[in-house]
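K.L.:
Got a sequence here, can you build the structure:
(chains A and B)
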2 protein chains.
Amino acid sequence: MNFSSKLLEEAVAEFAKLPGVGQKTALRLVLHLLNRDVEDVQKFSTAVSRLRNEIQFCQTCHNISDTSTCEICASHRRDHSLICVVEDTRDVMAIENTNQYNGVYHVLGGLISPMDGIGPADLQVDSLVERLKENSVKEIIFALSATMEGDTTIFYLHKRLKQFNINISTIARGIAFGGELEYVDEITLGRSIVTRIPYENSLS
Amino acid sequence: MNFSSKLLEEAVAEFAKLPGVGQKTALRLVLHLLNRDVEDVQKFSTAVSRLRNEIQFCQTCHNISDTSTCEICASHRRDHSLICVVEDTRDVMAIENTNQYNGVYHVLGGLISPMDGIGPADLQVDSLVERLKENSVKEIIFALSATMEGDTTIFYLHKRLKQFNINISTIARGIAFGGELEYVDEITLGRSIVTRIPYENSLS
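P.N.:
Here you go, the predicted structure:
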């Protein structure tokens, strides 16, 4: 592209580095910012810069936080004997939105993926083991994606954690609410028959 | 969404103000920035802030520029008696990319659109009239979108500009290169028959 301005070119190049944003989209976003008020754009720029410079990670669960201990870990109303292991902060947000969980979390920061060169050492695995040693935890729930990477991570963590005398569970897999049987894939359907639950339990 | 951090929430809110970016996409972009180096993110933030604070518009053609007169208007190799009227800087870039035009530009900054409350006073129309008074311009080319707003703008500008003794033309409309006749809409096809050109001219 022939840019009439270096400033414009630089801003477009920076936006085009974002995932899923190409040159044309970047240009559209930048021209949109140019039409906004100076203060608005300054707010945008400051929010981005502060985010990266000032954000912290909770020293207990490693979730994104503004303080050294996140609100969930600091709360006395949460059940600290129940830890839900998730991949990243988006999963914490998704589970919190359900209003169905009252325990605490442990954010791994990724999943084991040999293809991408991510091993257990790159994740918050050791800190999870330390947490279990120091605290009286009764149950660990794995809430990881139902993918090859998620299953690998659960398999590895299970081996590391079975030395502790705690319950280890994973979130239920099966047919989603509103899902029609004929459109469900064979693996999900097959597993949901094998892991069927008593009808009374499904009502709660 | 339940954000675990105010900084995160603010950054997501700022990204979600961009056109075509919703809450989920904004969160994805922000988490991507969090995984980048501090310097990288600072570069992004600075590029955005400098763009809005330091960018200028060429005082002649009103295109985006780093200086008070843009490179095209300052160039002696361009034909200053030929002015191409366009909607915004993207159109300048598109035409420059063709390498087929050697005149100068006039950027209106939008199109007349009564539905959106944009009238001639919101656009760089008066400055175009002034430009024609002061300079010896031989031809004006309208390179505006083939939409209702584009046609309305051309109609209005034509009325304002016919007092000057200059040629007024619009870019050719017709079937695009590679376009198959059976898929062309009736209006385009009908017009391209009415405004047919001698075969010799089409070869140049």
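K.L.:
is chain B contacted by the host helix or strand of residue A:106?
P.N.:
Per DSSP states H and E: residue A:106 is located in strand A:103-107. No - using Cβ under 8 Å from any Cβ of the partner chain, strand A:103-107 stays clear of chain B, with a minimum separation of 9.3 Å. To be clear about C-beta, it is placed using only N, CA and C from the backbone, and glycine gets the same treatment.
K.L.:
Let's see whatever helix or strand comes next after that strand as CSV, backbone CA atoms only.
P.N.:
Using DSSP H and E, the next helix or strand after strand A:103-107 towards the C-terminus is helix A:126-134. What follows is helix A:126-134, C-alpha atoms only, in CSV (Å, rounded to 0.1, in the frame of the first residue of the first chain):
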residue,chain,number,x,y,z
ASP,A,126,4.7,-26.9,40.0
SER,A,127,2.8,-24.1,41.7
LEU,A,128,-0.3,-26.3,41.7
VAL,A,129,1.6,-29.2,43.3
GLU,A,130,2.9,-26.7,45.9
ARG,A,131,-0.6,-25.5,46.6
LEU,A,132,-1.9,-29.0,47.2
LYS,A,133,1.0,-29.7,49.6
GLU,A,134,0.4,-26.6,51.7
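K.L.:
elements contacting helix A:126-134?
P.N.:
Here helix A:126-134 touches strand A:79-86, strand A:103-107, helix A:148-161, going by 3 or more Cβ pairs under 8 Å, 6 or more residues apart in numbering or on different chains; DSSP states H and E.
K.L.:
Just name the most buried of these.
P.N.:
Most buried of those, by mean neighbour count (mean count of other Cβ atoms under 10 Å in any protein chain shown): strand A:103-107, with a mean of 24.
K.L.:
average pLDDT for the helix of greatest length in chain A?
P.N.:
When chain A is parsed with DSSP state H, its longest helix is helix A:38-54. For helix A:38-54, the mean pLDDT works out to 92.
K.L.:
okay, now residue A:55: neighbour count?
P.N.:
17 (other Cβ atoms under 10 Å in any protein chain shown).
K.L.:
what stretches of chain A score poorly on pLDDT?
P.N.:
Applying pLDDT under 70 to chain A picks out residues A:204.
K.L.:
name the element the nearest residue in space to residue A:151 that is not next to it in sequence belongs to?
P.N.:
Once flanking residues are discounted, residue A:151 sits nearest to residue A:144: 7.9 Å by Cβ to Cβ, 6 or more residues apart in numbering or on different chains. Using DSSP H and E, residue A:144 maps to neither a helix nor a strand.
K.L.:
what sits against residue A:144?
P.N.:
Neighbouring residues of residue A:144 by Cβ atoms under 8 Å, 6 or more residues apart in numbering or on different chains: A:85, A:86, A:87, A:111, A:150, A:151, A:153, A:154, A:170.
K.L.:
Kindly report the same for residue A:106.
P.N.:
Residues near residue A:106 by Cβ under 8 Å, 6+ apart: A:61, A:62, A:83, A:84, A:85, A:86, A:124, A:127, A:128, A:131.
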